[in-house]
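Undergrad: predicted model follows, preceded by the sequence.
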Amino acid sequence: MRLRFVISTGFVLAAAALLATPGDSGAAAPAGAMPRIAAIVSQDAGPYEEALAGFRSHLEQQGWKTQIDVYRLHGDAAGASPALQQARQDRADLILTLGSLGTQAAVHQAQDVPIVAGLVLTADDLGGSANVTGVVLDFPVETEFHWLQRLLPRQRHIGVLFNPTENQGRIDAAARAAKAMGLDLFARKVESPRDLPEALDSLNNRADVLWGVADQIVLNPQTVKPILLFSLRNRIPFVGLSATWVKAGALYALDRDYDDIGRQLGEMAVKILRGAAPGSLQPAPPRKVVYCVNRRTARLLKFDLQDSVLHGAQAVID
Amino acid sequence: MDRYKIVVGSVLVLLCRAPLARGAAAGEEMILFQELPSVFGASKYEQKPGEAPASISIVTADEIQRYGYRTLSEILRSVRGFFTTYDRNYSYIGARGFDRPGDYDTHVLLLLDGHRVNDNVYDQASVGTEEIIDVDAIDRVEVIRGPSSSLYGTDAFFAVINVITRSGRDLNGRQIAVAGGSYSTGEARAAYGARFDNGVETYLSGSYYDSGGQNLFYPEFDSPATNNGWARHADGDTFDRLFGKVSFGNYRVEAGYSDRDKQIPTASFGTLFNDSRARTIDQRAFLDLKYDRALTQSSRLVGTASYDGYWYKGDYPYATGGLSKDYGYGRWWTGEMQSITTLRGRHKLIGGAEIRYNGQQDQGFYDTNPYALYLDDKRRSSIWALYVQDEFRPRHDLILNVGVRHDSYDTFGGTTNPRLGVIYSVRDATTLKFLFGQAFRAPNVYELYYEDGGVSQKANPDLQPETIRTYEIALEHGFGDRLRSVASVYHYGINDLITIGTDPADGLAVFRNVDRVKSNGVEVELEGAFTRRLEGRVSYALQRSEDVSSGQELTNSPRHLAKANLTSPLLSDRLLLSAEAQYMSRRQTLAGEPTGGFTVLNVNLLTRNWKKGPSVSLGIFNLFDRRYGDPGSAEHLQEVIPQDGRSYRVQVRYEF
């Protein structure tokens, strides 16, 4: 009887403690709570560090005192399992993953821990599990086309190469968006790298801009040169995936503020720590859009970029 | 039961992983972050990977501007293994040790955006000032060595030279250019290019050139009766050209016209020396309609229809006081249908049919005063051809390229010519090519039917085509991203070579299938960026081409050709200094005497990109004023025809 009383009292106190957890994200962090967060960083590149720093800053600014255990994979997926095991042992309240290596491992091996994932390309990379949400790198096609119209107002015939296994859905969405925005989309399937030259050739007299979508078959370090050379030689500007593509020769690319992505992830983490179910938070694209332009490419393409375009760019490469 | 569990377990694991299938290559987001190779220093060969069944050179518009090339002939003589000969009337292309004096460039096929330029009377590929296109309207020149009759038919004997013109978007505005230089030479050119929002793209170009020419001394005429050997005011050269193309969707219309008037200072064909009336006028025009449509993701249909015209007129003053007039007029229709299909990613099949109707192939020769008609020959003929080529990739590192074409002529009947290429990627940067090809050159109407009433030359309508078989091994290797090397060894044999000789029965000149030629050669080249501030190409070609029956080396066949083309930025991309050195070893003249070997150095200083619009180039050709000459032909009294000494050109271009 005494034991039953103790158990009942324990349940009541636990329930009271749970009910006392503030649900309003605008409210202050609970005093004395010290959530433990395991941060799995897939790669060593700058954007990962920037996103992690933004994540930390946001929690600190919100008054959250958290213990963040950082596990760095250095690009090696083998490091993910031990990191996740350690996180389990440490009873991590939340897992932050930056990059697809850590995200894939966490989605499979930590299905009972909330996961906030960042620096993955699309929502598909989050695996569709109820315990996962995050910020994806891909911008919505409407955003892409809106910026294309703004930066290259004369280009109305958009060529795009894609591997249907990876990107059929995105291209379908792009076709709808293009139609609604008065643009023509010429999409060419590339099922293997061998298809690339012919697919490019078929766009030569149709497209006046080549739009890049993140696609492992079409855009990878081996295809950079043929695609960019096609762009330069045929005077068809290529819209790259990021600043590195612009540096290599793309005319421009939308890019992300990785510190802000970290903050965006921090906001999601706070909501989850306050009791929101991860599945109730829709994966989101980056909320800040920046862009880089390559003035040298513009010269070679004989493109006159407006001063406002140059002034608005996060980086102008020359 | 255990097996059941394993199967179900496996399915569940797969199902769990399914949503991440696209992420199989984890870390894919790195495509956004990792350093990518910059494309700005990329080799031009990236666009033409070493997968073609031929050894290819490409000269780009940028190189044309950097080196200050003025004619297609100058472009070609900078290319590995090629040389040119100028008889102060026409320029002729030599390749792989073959350019016999008197051959009107019939062994090289010249294409302009894929359209055949060789005419239908003499089969001449015009590459001097008589060429149909301005070099400033050229985007790139692709030199495809070896026999290609399996795709193109006649004339694709030693090489195919495909000149790709600039497109509207390349210019995207207007361009005017003026140039002036030695020998009272001036040139003006205007061009317009645009791509409109509705997808229509156009490029238009027009130019006018006039050169007073040189006063030339020929010791063969050094007597008071012939102005002590001086030909004065007899080297003038004038041309005007128009070129335009419009493309929209699947269609492209392209047209060109050129009219060149050249005085002949050499007193060829025994004409009066120092007579400024001696001249040739060459007019060339074409209209080409192309339809190129993707039928499916993996197949394309290309159809072309074209109409061409060629008009040659020659004025030859003889001692009688009147002029002898020579002419050749040609007009022809060509239709071609081609399908390009990729089958299962392994076969790329090209099949096509071509038909050409020569509605006019006229030749004439007459004296004006007193009038005497020697030749008034009018011909019509037709040609049809079928061809197929398969590029088969049995493995990722192996390409087999097999092609064959059958041509049928009204005159001599049919000929079938195959080509086989085995292209093996030894490593990523190393390709080995084994090439075999057979090509033909059909006898042209000049060789078949020219006669002058029993005065000097008679016809031979029984001529058969010449054939060549070439065997070649080429090794292409890239050193990093910026240097590329090529080494090739070849052997070819020519049968039934059409050669002009004298019929002992009547003493008249006549073309016959008499000669056989064999040749062995080696070519090596290194091209790319040698340092951060020095790029270009160096090449060497060694060849021995000989007449099989006599064992004698061919006339006008240099054994050694060495070339170095180097360019360096003096101030970023704004001030460039380019230099080219060309060495050619001695050649035999028709009389069996050797011309001396020579080295010429050309330099060009180009300034551009200071601000949008202007660019200026100063070219000095034959900087050290080296005296050298090219072997003359049978129509010349001169064994050797001296070439230009030091000369210069200044060109100012403005784009807006």
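TA: Okay, I see it.
Undergrad: just the strands from the stretch 51-200 of chain A, written as ranges.
TA: Secondary structure of the stretch 51-200 of chain A, counting by DSSP state E, counting those that start in this stretch: strands at A:67-72, A:94-98, A:115-120, A:132-136, A:157-162, A:184-189.
Undergrad: need those in CSV with mean neighbour count, distance to chain B and mean pLDDT, can you?
TA: For every residue, glycine as well, the C-beta is placed using N, CA and C. Formatted as CSV, the strands of the stretch 51-200 of chain A follow (neighbours: other Cβ atoms under 10 Å in any protein chain shown; distance: least, Cβ to the nearest Cβ, whole Å; pLDDT from 0 to 100):
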stretch, mean neighbour count, distance to chain B, mean pLDDT
strand A:67-72, 16, 14, 93
strand A:94-98, 30, 10, 95
strand A:115-120, 30, 6, 94
strand A:132-136, 25, 9, 95
strand A:157-162, 24, 6, 94
strand A:184-189, 19, 6, 92
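Undergrad: export those strands to JSON lines and tack on distance to B:D292?
TA: Below are these laid out as JSON lines (distance: least, Cβ to Cβ, whole Å):
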{"stretch": "strand A:67-72", "distance to B:D292": "53"}
{"stretch": "strand A:94-98", "distance to B:D292": "47"}
{"stretch": "strand A:115-120", "distance to B:D292": "41"}
{"stretch": "strand A:132-136", "distance to B:D292": "39"}
{"stretch": "strand A:157-162", "distance to B:D292": "16"}
{"stretch": "strand A:184-189", "distance to B:D292": "15"}
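Undergrad: now for the ones you listed, which one comes closest to B:D515?
TA: Comparison of the strands of the stretch 51-200 of chain A against B:D515 by Cβ to Cβ identifies strand A:184-189 as nearest, at 51.6 Å.
Undergrad: just give me how far the closest one sits from the chain centre.
TA: 24 Å (Cα atoms, centre = their mean, to the nearest Å).
Undergrad: quick check: buried residues in stretch A:217-231?
TA: Residues A:217-220, A:223-231 are the ones in stretch A:217-231 that count as buried (16 or more other Cβ atoms under 10 Å in any protein chain shown).
Undergrad: closest to B:Y183 among these?
TA: Of all the buried residues of stretch A:217-231, A:L229 has the smallest distance to B:Y183: 39.8 Å, by Cβ to Cβ.
Undergrad: secondary structure class of the closest one, three-state.
TA: Using DSSP: H, G, I helix; E, B strand; the rest coil, the structure places A:L229 in helix.
Undergrad: where do the strands sit along the stretch 101-250 of chain B?
TA: B:108-112, B:115-116, B:138-145, B:159-165, B:173-181, B:185-195, B:201-211, B:216-217, B:230-231, B:237-248.
Undergrad: low pLDDT regions in the stretch 1-150 of chain B?
TA: For the stretch 1-150 of chain B, the stretches with pLDDT under 70 are B:1-26, B:37-50.
Undergrad: B:A529 and chain A: what is the separation?
TA: In this view, B:A529 and chain A are 15 Å apart by Cβ to the nearest Cβ, to the nearest Å.
Undergrad: go through the helix or strand where that residue lies and flag the buried ones.
TA: Here B:A529, judged by DSSP states H and E, is contained in strand B:509-531. Using 16+ other Cβ under 10 Å as the test for burial, strand B:509-531 gives B:509-513, B:515, B:517-521, B:523-530.
Undergrad: about what we covered before: which one of the strands of the stretch 51-200 of chain A lies closest to B:I132?
TA: Short answer: strand A:157-162, nearest of the strands of the stretch 51-200 of chain A by Cβ to Cβ, at 31.8 Å.
Undergrad: right, and B:G478 touches B:R484 too?
TA: Yes. Taking contacts as Cβ atoms under 8 Å, B:G478 lies within contact range of B:R484: 4.9 Å.
Undergrad: more crowded one of those two?
TA: Comparing B:G478 with B:R484 by other Cβ atoms under 10 Å in any protein chain shown, the one with more neighbours is B:R484, at 21 against 18.
Undergrad: who's the more buried one bridged to?
TA: Here B:R484 shows beta-bridge partners B:G478, B:E527, assigned using DSSP bridges.
Undergrad: pLDDT wise, what is it at?
TA: We note a pLDDT of 90 for B:R484 in this prediction.
Undergrad: list the contacts of the most centrally placed residue in chain A.
TA: Closest to where the C-alpha atoms of chain A average out (Cα atoms, centre = their mean) is A:L137, at 2.0 Å. Applying Cβ atoms under 8 Å, 6 or more residues apart in numbering or on different chains to A:L137 gives the contacts A:119-122, A:214, A:256, A:285-286, B:29, B:32.
Undergrad: ranking these by neighbours, who comes first?
TA: Using other Cβ under 10 Å as the neighbour test, the contacts of A:L137 are led by A:L119, with 33 neighbours.
Undergrad: my guess is that residue contacts A:L101, does it?
TA: No. Using Cβ under 8 Å, A:L119 is not in contact with A:L101, being 10.0 Å away.
Undergrad: what is in contact with those two at once?
TA: Jointly contacting A:L119 and A:L101 under the rule Cβ under 8 Å, 6+ apart are A:S42.
Undergrad: which parts of the stretch 101-250 of chain B sit against chain A?
TA: Within the stretch 101-250 of chain B, the positions adjacent to chain A are B:167, B:169-173, B:195, B:197, B:199, B:201, B:247, B:249-250 by Cβ under 8 Å from any Cβ of the partner chain.
Undergrad: for the helix or strand hosting B:N401, packing partners?
TA: Take DSSP H and E as the rule and B:N401 turns out to sit in strand B:398-409. Using 3 or more Cβ pairs under 8 Å, 6 or more residues apart in numbering or on different chains; DSSP states H and E, the elements in contact with strand B:398-409 are helix B:149-152, strand B:381-395, strand B:413-427.
Undergrad: can you list contacts of the second one?
TA: Contacting residues not belonging to strand B:381-395 are listed as A:194, B:51, B:150-151, B:153, B:345-358, B:361, B:399-411, B:419, B:442, B:445 [Cβ under 8 Å, 6+ apart].
Undergrad: work out the gap between stretch B:184-193 and the centre of the chain.
TA: 22 Å.
Undergrad: buried stuff in it?
TA: B:185, B:187, B:189, B:191-193.
Undergrad: from those, which single one is nearest A:Q149?
TA: Distances from A:Q149 to those, taken by Cβ to Cβ, are shortest for B:G193, at 24.7 Å.
Undergrad: let me know the pLDDT of the closest one.
TA: 94.
Undergrad: now do the contacts for B:Y492.
TA: Applying Cβ under 8 Å, 6+ apart to B:Y492 gives the contacts B:96, B:468-471, B:517-519.
Undergrad: quick one: contacts of the helix or strand hosting A:K225?
TA: Using DSSP H and E, A:K225 sits in helix A:224-233. Contact with helix A:224-233 is made by A:161, A:196-197, A:200, A:204, A:210, A:212, A:218-219, A:236-238, A:245, A:248-251, A:297, A:300-301, B:36-37, B:39, B:42, B:46-47, as judged by Cβ under 8 Å, 6+ apart.
Undergrad: where does the prediction get shaky in the stretch 301-450 of chain B?
TA: For the stretch 301-450 of chain B, the stretches flagged by pLDDT under 70 are B:320.
Undergrad: enumerate the residues of it near chain A.
TA: Within the stretch 301-450 of chain B, the positions near chain A by Cβ under 8 Å from any Cβ are B:342, B:345, B:393.
Undergrad: now, which of these sits nearest chain A?
TA: Each of these was scored against chain A by Cβ to the nearest Cβ, and B:G345 proved nearest at 5.4 Å.
Undergrad: thought the closest one was touching A:E198?
TA: No. At 10.4 Å, B:G345 does not count as touching A:E198 under the criterion of Cβ under 8 Å.
Undergrad: who's more crowded, these two?
TA: Between B:G345 and A:E198, counted using other Cβ under 10 Å, A:E198 has the larger neighbour count: 18 against 13.
Undergrad: brilliant, that's me finished.
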